[in-house]
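*Asks:* what's the 3D shape of this:
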Amino acid sequence: MDLNITEAIDGPDALDAVPESIDRAIDDGIDLSGAPLPKDMVAFYKEVMQKEADRVCRVRVAMRKKIIATGSKHFDQETLNKRLLDAGWEGLKAAEIAYFFS
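*Replies:* Alright, predicted model coming up:
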């Protein structure tokens, strides 16, 4: 199947289909058609994407939950809290303490 570039990037799944091309175009400040992208648009896009990248990763949330659920069987409350903090997570929450250590 031979698609030209317009057909290949058109449609609802277009962003998922060519993420490298789009990222490169944004970084270069040039639309895929060759037209320059407005600098304010590019700056705002990059700001929003950075904020998204800075959000807590869902994997980290799942890791923390598993550590608390399993770690509460192997560590006392103070030790588990310290280890969480030392590893870069937030300490135990009141609800977690009540559930796992009461």
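*Asks:* From here on, just use CA atoms for contacts and neighbour counts.
*Replies:* Will do.
*Asks:* Surely Lys39 touches Asp28?
*Replies:* No - contact criterion CA atoms under 8 Å: Lys39 and Asp28 do not qualify, at 10.5 Å.
*Asks:* Show the contacting residues for Ile26.
*Replies:* Neighbouring residues of Ile26 by CA atoms under 8 Å, 6 or more residues apart in numbering: 37, 42.
*Asks:* just checking, it is part of a helix?
*Replies:* Yes - the assignment for Ile26 by DSSP: H, G, I helix; E, B strand; the rest coil puts it in a helix.
*Asks:* Val48 versus that one, what's the distance?
*Replies:* Per CA to CA, to the nearest Å, Ile26 is found 13 Å from Val48.
*Asks:* Can you list the residue ranges for helices in this structure?
*Replies:* All helices of the chain, identified by DSSP state H, fall at 5-8, 14-17, 19-28, 39-54, 58-74, 77-87, 94-101.
*Asks:* Tabulate these in CSV, adding columns for mean pLDDT.
*Replies:* Formatted as CSV, the helices of the chain follow (pLDDT from 0 to 100):
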stretch, mean pLDDT
helix 5-8, 44
helix 14-17, 50
helix 19-28, 88
helix 39-54, 89
helix 58-74, 93
helix 77-87, 98
helix 94-101, 97
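*Asks:* C-alpha coordinates for stretch 89-96, CSV please?
*Replies:* Extracted in CSV, the C-alpha atoms of stretch 89-96 (Å, rounded to 0.1, in the frame of the first residue of the first chain):
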residue,chain,number,x,y,z
TRP,A,89,8.4,9.5,47.6
GLU,A,90,6.2,11.3,50.0
GLY,A,91,5.9,9.8,53.5
LEU,A,92,3.1,7.6,54.7
LYS,A,93,-0.3,9.3,54.7
ALA,A,94,-2.7,9.1,57.7
ALA,A,95,-5.0,6.8,55.8
GLU,A,96,-2.2,4.4,54.9
